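>>> Generate coordinates for the sequence data below:
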Amino acid sequence: MDANVLISILISVRGSKRKLLFSSEVDAFSPDRLLLEVGKHWKEIHDKSELSEEELEASFSLIRKQVNVVPLDEYRSNLSRAKDVCPHLKDVEYFALALKLNCPIWSEDKPIREQ
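Have a look, this model is predicted:
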């Protein structure tokens, strides 16, 4: 799962992505940089979500339990290969983790989806 999907889920409390994340159909994994991305955009997320700070923090806590955050050391060996197939260098960690887990990337980014 990339950061844009998680941010979308935080903003849209009743969205279909949230339902999918909490379903038994999805095991979500993400690089640990996902947490940095959410922190970087926290004010924007808060403003768009129309939730109180406490509600947003509670929502993030619940969502965070659904996402397996993987440290860089666990997929570092796939970074070089990921750079060869990743359309944007900023997303190379998502590709490296997907290569490690042999799974697709859940993203709203068209170049990533096409890849």
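
>>> list the helices and strands the lengthiest helix in the chain packs on?
In the chain, with assignment by DSSP state H, the single longest helix is helix 53-66. Here helix 53-66 touches helix 3-11, helix 16-21, helix 42-49, going by 3 or more C-beta pairs under 8 Å, 6 or more residues apart in numbering; DSSP states H and E. Bear in mind the C-beta positions are built from the backbone N, C-alpha and C, glycine included.

>>> Could you work out which of these reaches nearest to Glu108?
Distance to Glu108, taken as C-beta to C-beta, is lowest for helix 3-11 among the helices and strands packed on helix 53-66, at 4.9 Å.

>>> Could you tell me the average pLDDT over the closest one, please?
The average pLDDT within helix 3-11 is 93.

>>> How about residues contacting that helix?
With contacts defined as C-beta atoms under 8 Å, 6 or more residues apart in numbering, helix 3-11 is touched by 15, 17-18, 21, 30, 33-34, 37-38, 41, 45, 48-49, 56, 59-60, 63, 67, 106-109.

>>> in it, what counts as buried?
Residues of helix 3-11 classed as buried by neighbour count (16 or more other C-beta atoms under 10 Å): Ala3, Val5, Leu6, Ile7, Ser8, Ile9, Leu10, Ile11.

>>> which among the contacts of helix 3-11 end up buried?
Buried by 16+ other C-beta under 10 Å: 17-18, 21, 30, 33-34, 37-38, 41, 45, 49, 56, 59-60, 63, 67, 106-107, 109, out of the contacts of helix 3-11.

>>> Ala28 contacts Val69, correct?
No - shown here, Ala28 and Val69 do not form a contact pair, counting by C-beta atoms under 8 Å, at 9.5 Å.

>>> Who has more neighbours out of these two?
Neighbour comparison, Ala28 and Val69: the larger count goes to Ala28, with 19 against 14 (by other C-beta atoms under 10 Å).

>>> Distance of that one relative to Leu99?
Computed as C-beta to C-beta, to the nearest Å, the Ala28 to Leu99 distance reads 17 Å.
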